[in-house]
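Undergrad: no FASTA, just this:
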């Protein structure tokens, strides 16, 4: 009988171990279900495209364009000033001629 008792005791231990393993597996399944039920908080990605900064070559080209534009504006201002002075001198000369013609009549 001791053999039967030993076999029964071994079967009871195995059943207890199996029951514990099954309980752990069921707990893991329940935990996985709970994790799927709650969506993980993920940071929202931007929908727009981020532009990269300008390179040194681009900044150099921009600065050169600004310098050339500044020199062009300076020359244009000088040309406008010379044109204005020319128109003023022409107006004075024509006024003088007109005054001389009116006196002569």
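TA: Yep, it's here. Everything numeric in this text was worked out from a predicted model, so none of it was measured. Residues are numbered from 1 along each chain as shown.
Undergrad: and for residue 100, the neighbour number?
TA: 9 (other Cβ atoms under 10 Å). Heads up, the C-betas are built off the backbone N, CA and C, glycines and all.
Undergrad: number the residues from 295 up from this point.
TA: I'll keep to 295 as the first residue from here, and by that count the last item is residue 394.
Undergrad: residue 391 is in what secondary structure piece?
TA: According to DSSP states H and E, residue 391 maps onto helix 350-398.
Undergrad: please disregard the earlier target; I meant residue 318.
TA: Here residue 318 is assigned to helix 296-331, by DSSP H and E.
Undergrad: how about that helix: buried residues?
TA: Neighbour-count burial for helix 296-331, counted by 16 or more other Cβ atoms under 10 Å, picks out no residue.
Undergrad: what number of residues lie near residue 340?
TA: By other Cβ under 10 Å, neighbour count at residue 340 equals 7.
Undergrad: again with residue 360
TA: Residue 360 has 10 nearby residues by other Cβ under 10 Å.
Undergrad: can you tell me how far it is from residue 354?
TA: Note on residue 360: its distance to residue 354, by Cβ to Cβ, to the nearest Å, is 11 Å.
Undergrad: how is the chain carved up into domains?
TA: Taking automatic domain parsing as the reference, the chain has its domains at 295-331, 351-399.
Undergrad: sorry, back to before: from the chain's centre, how far out does the helix holding residue 391 sit?
TA: Chain-centre distance of helix 350-398: 44 Å, with Cα atoms, centre = their mean, to the nearest Å.
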